[in-house]
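1. What follows is a protein structure lacking sequence information:
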């Protein structure tokens with residue numbers, strides 16, 4: 001049968017042109033997405049990250065899926081698609097494994113993106129939650145310092161200045177390089193103290209941060225410093241405020257940040273004279289309109305890329321499903337043919353095995369029958385004859401009629417053993433029959449004492465269980481008579497909590513008198529058959545103790 005099964009498996013696999021093997025494949029889109037990103041071709045980068053994500057989902061590479069989604073979320077956030085970015089970054093969390101520390105850096109970046117989008121959408125409480133998780137999973141000091149600044153800035157937005165100041169101080173203590181990260185933290189700390197206390201003078205910290213940023217050529221940082229200095233001087237020194245606003249506008253154009261350009265233009269509109277203010281307002285209006293148009297276009301473009309990618313994927317899956325359906329029809333036809341062949345072969349083998357099994361069952365039945373009758377001869381004839389021999393040996397006066405009756409009974413039992421004659425009479429008192437059997441082993445040399453054997457003791461016990469107990473005790477007494485050399489035998493009966501207990505003791509040679517050949521295994525089997533236990537115990541003073549118990 002194994003041979004035919006093997007042929008069947010080979011046949012089924014041969015029906016397929018290719019066998020799918022789950023081997024990790026290199027993602028052909030992932031590196032291209034970064035190449036386009038580095039070339040500032042954002043639309044192409046977004047498309048290839050999306051394709052790389054689908055490819056990794058197909059090949060069950062969850063970490064690459066998570067990284068693709070995290071990059072997609074960053075692109076959407078930088079283009080102003082905050083809701084789309086938030087949705088993408090949240091879906092990335094389903095693919096990260098928080099138990100794998102090698103993924104923590106990307107996980108922290110993704111939480112930072114979620115913090116940025118939540119803050120942009122004015123959900124500052126949620127942003128705080130995301131930034132705290134970004135800090136929890138980050139593995140580099142630079143990123144940690146950035147995330148702590150973002151976290152503290154959002155505490156400022158919910159007016160929890162005390163918490164923000166504490167975080168900024170902790171960040172300054174961790175940053176020993178006094179580079180652009182240090183200047184960022186110092187500026188934010190001064191701005192927060194000023195927001196907390198309008199009489200606080202933040203100029204010293206602002207100027208220290210500005211010097212560091214000029215030295216580091218940190219244009220993004222300079223843009224921030226000029227903005228804060230312009231805000232501070234607006235009330236008490238408008239010339240200085242105007243100077244810093246102009247510098248902010250110049251730097252924001254250099255770094256191509258439309259949001260910062262709009263902010264700088266707002267300052268210039270309020271600080272310049274009327275004529276220049278009008279000029280700046282026109283630039284502001286044009287830039288703001290183009291920025292909103294660009295962001296709406298980016299949102300639509302991202303949606304279109306997703307739609308086209310999903311449509312192509314759906315078309316591919318549909319074609320693949322149709323091809324698979326055609327192949328399945330061929331496979332089903334081949335399976336039907338092979339199944340019919342195997343069924344015929346299997347039925348033939350079944351018939352052969354069945355015939356062999358029936359022969360074995362017949363042999364086993366014969367053996368069991370032989371064992372059954374051997375056991376009956378031992379229990380009902382041998383023990384009965386030995387009981388009669390004991391009476392002849394131990395009684396001075398022999399009742400000839402009683403002896404003849406006993407022998408005749410043994411003869412009838414041996415002749416009619418196939419009819420399963422009973423050892424005891426169901427219609428007579430069991431306690432009396434048991435008393436008579438036990439007493440028959442008494443003699444001038446052996447004293448048999450038994451206690452509490454009365455009819456009340458045996459109430460509720462089935463006839464079958466009584467028979468098994470009778471035969472076990474008969475076996476014990478015969479074994480004692482043959483082998484134990486005992487002269488005192490004590491049997492005590494008791495009944496407690498629906499349990500019958502029988503305690504047998506003799507002063508013979510001990511446990512050596514018992515062996516499987518003498519019926520030990522037979523006794524255990526009988527007691528087990530009625531749900532009971534039999535325990536053999538030999539004491540040091542040559543006493544054999546046997547405890548029998550079984551449920552009512």
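-> Received, thanks. Here the structure is a predicted model, which means the values were calculated and not measured.
2. quick one: pLDDT of the residue of the chain most remote from its centre?
-> Distance to the chain centre peaks in the chain at residue 397, reaching 82.0 Å (criterion: C-alpha atoms, centre = their mean). Residue 397 carries a pLDDT score of 72 in this model.
3. domains for this protein, by residue range?
-> 29-139, 361-421, 428-551 (automatic domain parsing).
4. can I get the ones you listed in CSV with distance to residue 333?
-> Placement of C-beta: from N, CA and C, glycine included. Formatted as CSV, the domains of the chain follow (distance: least, C-beta to C-beta, whole Å):
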stretch, distance to residue 333
domain 29-139, 29
domain 361-421, 41
domain 428-551, 58
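5. Among those domains, which one carries the weakest average confidence?
-> domain 361-421 (a mean of 67).
6. Quickly note the distance from residue 80 to residue 481.
-> 108 Å (C-beta to C-beta, to the nearest Å).
7. Which one of the two is surrounded by more residues?
-> residue 481 (22 against 18; other C-beta atoms under 10 Å).
8. That one and residue 390 touch, don't they?
-> Yes: in this structure, residue 481 is within contact of residue 390 by C-beta atoms under 8 Å, at 5.7 Å.
9. how near is residue 522 to residue 377?
-> 12 Å.
10. that older thread, of the domains of the chain, flag the one that's most buried.
-> Mean neighbours per residue, mean count of other C-beta atoms under 10 Å, is largest over these for domain 29-139, with a mean of 19.
11. starting at the chain centroid, how far to that one?
-> 28 Å (C-alpha atoms, centre = their mean, to the nearest Å).
12. and the end-to-end length of that domain?
-> Using C-alpha to C-alpha, to the nearest Å, the end-to-end distance of domain 29-139 comes to 27 Å.
13. Check whether the residue nearest the centre of the chain sits in a helix, strand or coil.
-> Central residue of the chain (C-alpha atoms, centre = their mean): residue 99, 14.6 Å from the mean position. Using DSSP: H, G, I helix; E, B strand; the rest coil, the three-state assignment for residue 99 comes out as coil.
14. cool, residue 122 as well?
-> Quick answer, by three-state DSSP: residue 122 is coil.
15. quick one: common contacting residues for residue 481 and residue 390?
-> residue 441 (C-beta atoms under 8 Å, 6 or more residues apart in numbering).
16. so how far is residue 54 from the residue farthest from the centre of the chain?
-> Taken as C-beta to C-beta, the span from residue 397 to residue 54 is 108 Å.
17. Contacts for stretch 59-72, please.
-> By C-beta under 8 Å, 6+ apart, the surrounding residues in contact with stretch 59-72 are 22, 24-25, 27, 30, 33, 37, 45-46, 49-50, 52-53, 56-57, 88-89, 91-93, 95-97, 100, 103, 106-107, 109-110, 113.
18. same thing but 7 Å
-> For stretch 59-72, contacts defined as C-beta atoms under 7 Å, 6 or more residues apart in numbering pick out 24-25, 27, 30, 33, 46, 49-50, 52-53, 56-57, 88-89, 91-92, 95-97, 103, 106, 109-110, 113.
19. Return the subset of those lying in helices.
-> 30, 33, 46, 49-50, 52-53, 56-57, 88-89, 91-92, 106, 109-110, 113 (DSSP state H).
20. Without its sequence neighbours, what residue ends up closest to residue 267?
-> Residue nearest to residue 267 in three dimensions, not counting chain neighbours: residue 245, with 3.9 Å by C-beta to C-beta, 6 or more residues apart in numbering.
21. Is it correct that the one you found falls within a helix?
-> Yes: applying three-state DSSP, one finds residue 245 inside a helix.
22. Do I have it right that it meets residue 265?
-> No: counting by C-beta atoms under 7 Å, residue 245 does not reach residue 265; the two are 8.8 Å apart.
23. Tell me which of those two has more neighbours.
-> residue 245 (29 against 22).
24. Let me see the contact set for the more buried one.
-> Per C-beta under 7 Å, 6+ apart, neighbours of residue 245: 230, 264, 267-268, 271.
25. Output these in CSV, with neighbour count, distance to residue 333 and pLDDT appended to each entry.
-> Shown next, in CSV, are these (neighbours: other C-beta atoms under 10 Å; distance: C-beta to C-beta, whole Å; pLDDT from 0 to 100):
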residue, neighbour count, distance to residue 333, pLDDT
230, 25, 81, 94
264, 27, 75, 94
267, 22, 79, 92
268, 23, 80, 92
271, 21, 84, 92
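26. out of these, which are inside strands?
-> Residues of these located in strands (DSSP state E): none.
27. Closest to residue 475 out of these?
-> Checking the contacts of residue 245 against residue 475 by C-beta to C-beta gives residue 264 as the nearest, at 111.9 Å.
28. what helix or strand is the residue nearest to that closest one when sequence neighbours are not counted on?
-> What sits nearest to residue 264 in space, not counting adjacent residues and going by C-beta to C-beta, 6+ apart, is residue 249, at 3.7 Å. If you go by DSSP states H and E, residue 249 is part of helix 238-254.
29. That helix: which residues count as buried?
-> Residues of helix 238-254 classed as buried: 241-249, 251-252 (neighbour count, 16 or more other C-beta atoms under 10 Å).
30. Can you list phi and psi of residue 237 for me?
-> Dihedral angles of residue 237 (phi, psi; degrees, to the nearest 10) stand at phi -160, psi 80.
31. That one: neighbour count?
-> 12.
32. for it, what are its contacts?
-> Residue 237 neighbours (C-beta under 7 Å, 6+ apart): none.
33. Residue 104 now?
-> Contacts of residue 104 (C-beta under 7 Å, 6+ apart): 137, 139.
34. how close does it sit to residue 218?
-> Where residue 218 is concerned, residue 104 sits at a distance of 27 Å (C-beta to C-beta).
35. picking up where we left off before, gap between the residue farthest from the centre of the chain and residue 391?
-> Counting by C-beta to C-beta - residue 397 and residue 391 are separated by 11 Å.
36. separation between residue 143 and residue 229?
-> 28 Å.
37. Have a look at those two and say which one is more surrounded.
-> residue 229 (24 against 18).
38. can I assume the more buried one is in contact with residue 205?
-> No: with contact defined as C-beta under 7 Å, residue 229 does not count as touching residue 205 (11.0 Å).
39. low pLDDT regions in the stretch 101-250 of the chain?
-> Along the stretch 101-250 of the chain, segments meeting pLDDT under 70 are nowhere present.
40. Give me the neighbour count for the closest residue to residue 125 other than its chain neighbours.
-> Spatial nearest neighbour of residue 125, excluding adjacent residues (C-beta to C-beta, 6+ apart): residue 158 at 6.7 Å. Neighbour count for residue 158, taken as other C-beta under 10 Å: 13.
41. again, but for residue 165
-> 18.
42. same deal with residue 209?
-> The number of residues packed near residue 209 is 28, by other C-beta under 10 Å.
43. hmm, who's touching the helix or strand harbouring it?
-> In this assignment (DSSP H and E), residue 209 forms part of helix 203-216. Outside helix 203-216, the residues that touch it by C-beta under 7 Å, 6+ apart are 178-180, 182-183, 186-187, 189-190, 221-222, 225, 228-229, 232.
44. Next, the buried residues of that helix.
-> 205-206, 208-210, 212-213, 216.
45. could I get these as TSV with distance to residue 326?
-> Below are these laid out as TSV (distance: C-beta to C-beta, whole Å):
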residue	distance to residue 326
205	74
206	73
208	74
209	70
210	72
212	69
213	67
216	65
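46. List the contacts of residue 495.
-> residue 457.
47. 8 Å - rerun?
-> Applying C-beta under 8 Å, 6+ apart, the residues contacting residue 495 are 457, 501, 552.
48. Quick one: residues contacting the nearest residue to residue 424 once chain neighbours are set aside.
-> For residue 424, ignoring the flanking residues on the chain, the nearest one in space by C-beta to C-beta, 6+ apart is residue 433 at 5.1 Å. Counting by C-beta under 8 Å, 6+ apart, residue 433 touches 424-425, 470.
49. Is residue 433 located within a helix, as I assumed?
-> Yes: looking at residue 433 with three-state DSSP, it is inside a helix.
50. and the angle for the helix holding residue 249 with helix 203-216?
-> 30 degrees (axes from the mean of the first three to the mean of the last three C-alpha atoms, to 10 degrees).
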